[in-house]
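Participant: Need a 3D model of the following:
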Amino acid sequence: MAENAAGRKIWNYSPDEPIRYNPLFDWPIHPLKVFTWMIRRWISISRFLMFIILGFVIHQYLTPSVQTMQHVTFDWVLLIFLRNTALLFLVAGSLHLYLHVHKAQGDRFKFLNREMATKNKIFKFNDQVYDNMFWSIASGVTVWTGYEVLYLYSLANEWISVAPFAEHPLQFFAWILCFPLIRGIHFYFIHRLLHHPFLYKHVHITHHRNVNTGPWSGISMHPIENLIYQSSPLIHFIIPTDPVIVIIHLILVTLNPAFTHSGFEKIMNKETKILDSADFHHQLHHKYFDCNYGNMDMPLDVWLGTDHDGTDEATQKLRMKKRKSVT
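Facilitator: Coordinates of the predicted model:
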């Protein structure tokens, strides 16, 4: 476990090995390592697979008819908003209850030995969880619904092209495989943008008050940040795709952060792992701010010099870099 200069433990739990990135970008390339990575992180029984299945269910059973969506009316837009809110409560709410309220696995695989803040004036209602819930719904779900309504309305009026699964199955699966890479590139560069001093002070700080994160912290963001952060699905207005792909994409940018901000690396049932949850890679960003802007699927942090691999050496290197920037 990492320690600070005084020898005090920083982490309740941290991985034993340095953070490792997608081997797809190693040279020489090792196909077996790449295949193993993809199976473990993208295709196996994981939250990614769960979200793919959820995308099909939403499109088939929880989305209004094309005829209904040809006109923007309050009833179906409200239906989408309430459906998205319910999904967020299902995912973030369940994780919060399991990990932070009932403490079903105690502090095992919990990064920080701290509780969610209460009686703290930096948060609305003086409570971190209520603050995060407010921003997640009022900002996060609103932007999510706005992008989805814009796509569905354009689709219903045939203003954008689609590539149905029945006609383009290979393209469908190509999107599934490329999602982590697309999102990794988009997230890195918009995240660097959000750390511009002006945007950080007036926008990104809403999210970064959460040093000790929880499931409701995921899309607890200023509305401008949510507009920027959730913008990667706009690519589907340009490149024709199956509508299910668009729904999955929206789910990945809105529900997946409940896991990546849960504060626990793994979700356990007694001694059995249920799912991987938060990445230590992103937890380090919330702790130290000036590192790990991307994700582990695209090693842009390594290539562009913003990587923190979780070791004490990396922490000392980052502190030296900050001292030099001040002087």
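
Participant: If you drop the residues flanking it in sequence, what lies closest to Y288?
Facilitator: L318 (5.9 Å; Cβ to Cβ, 6 or more residues apart in numbering). All C-beta spots, glycine's among them, are computed from the backbone N, C-alpha and C.

Participant: can you pull the pLDDT of that neighbour?
Facilitator: As predicted, L318 sits at a pLDDT of 86.

Participant: Please identify which helix or strand holds it.
Facilitator: helix 312-326 (DSSP states H and E).

Participant: hang on, the residue nearest to Y288 packs against F289?
Facilitator: No. Judged on Cβ atoms under 8 Å, L318 makes no contact with F289 at a distance of 9.5 Å.

Participant: which residues does H308 contact?
Facilitator: I19, L284, H285, Y288, C291, N292, D301, A314, T315, L318 (Cβ atoms under 8 Å, 6 or more residues apart in numbering).

Participant: before we move on, back to that, tell me the contacts of the residue nearest to Y288?
Facilitator: Y288, D290, C291, H308.

Participant: now G93, what's its secondary structure?
Facilitator: Three-state call for G93 (DSSP: H, G, I helix; E, B strand; the rest coil): helix.

Participant: What of the one 10 residues further on?
Facilitator: Assigned state for K103: coil (three-state reduction, three-state DSSP).

Participant: Counting neighbours, what do you get for it?
Facilitator: Residues lying near K103 (other Cβ atoms under 10 Å) number 13.

Participant: H202 now?
Facilitator: H202 has 12 nearby residues by other Cβ under 10 Å.

Participant: Can you give me the distance of it to T142?
Facilitator: 19 Å (Cβ to Cβ, to the nearest Å).

Participant: Now for the residue nearest to P299 when sequence neighbours are not counted: which residues touch it?
Facilitator: In space, and not counting its chain neighbours, P299 is closest to Y21: 3.9 Å by Cβ to Cβ, 6+ apart. Y21 makes contacts with M296, D297, M298, P299, V302, as judged by Cβ under 8 Å, 6+ apart.

Participant: element containing Y21, please.
Facilitator: Per DSSP H and E, there is no helix or strand for Y21.

Participant: ok so, going back, list only buried entries from the contacts of Y21.
Facilitator: M296, D297, M298, P299 (16 or more other Cβ atoms under 10 Å).

Participant: and the gap between the closest residue to the second one other than its chain neighbours and M298?
Facilitator: So the one you mean is D297. Among residues not flanking D297 along the chain, P180 sits closest, at 3.9 Å (Cβ to Cβ, 6+ apart). Per Cβ to Cβ, P180 is found 8 Å from M298.

Participant: Any regions of the chain where pLDDT drops low?
Facilitator: The model of the chain has pLDDT under 70 over residues 1-9, 17, 38-45, 326-327.

Participant: try 90 this time
Facilitator: Applying pLDDT under 90 to the chain picks out residues 1-49, 177, 180, 270-276, 279, 296-297, 310-327.

Participant: Quick one: the helices in the stretch 51-200 of the chain, in order.
Facilitator: 74-88, 94-96, 128-135, 142-156, 169-194, 197-199 (DSSP state H, counting those that start in this stretch).

Participant: Turn these into a markdown table, including distance to R114 and mean neighbour count.
Facilitator: Formatted as a markdown table, the helices of the stretch 51-200 of the chain follow (distance: least, Cβ to Cβ, whole Å; neighbours: other Cβ atoms under 10 Å):
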| stretch | distance to R114 | mean neighbour count |
| --- | --- | --- |
| helix 74-88 | 24 | 16 |
| helix 94-96 | 15 | 20 |
| helix 128-135 | 10 | 22 |
| helix 142-156 | 29 | 20 |
| helix 169-194 | 24 | 16 |
| helix 197-199 | 27 | 10 |
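
Participant: now those in CSV, with distance to L62?
Facilitator: As requested, the helices of the stretch 51-200 of the chain are arranged in CSV below (distance: least, Cβ to Cβ, whole Å):
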stretch, distance to L62
helix 74-88, 5
helix 94-96, 18
helix 128-135, 22
helix 142-156, 11
helix 169-194, 20
helix 197-199, 34
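
Participant: unless I'm mixing things up, A156 is touching V66, no?
Facilitator: Yes. A156 is within contact range of V66, at 4.8 Å (criterion: Cβ under 8 Å).

Participant: what are the phi and psi values for the residue nearest to P299?
Facilitator: Main-chain dihedrals, Y21, degrees, to the nearest 10: phi -100, psi 170.

Participant: Next: N269.
Facilitator: phi -120, psi 100.

Participant: just the one 3 residues further on next, same as before
Facilitator: Here is the backbone geometry of T272 (degrees, to the nearest 10): phi -100, psi 130.

Participant: could you measure it against D279, distance?
Facilitator: 21 Å.

Participant: next one: Y151
Facilitator: Taking Cβ to Cβ, one finds Y151 at 28 Å from D279.
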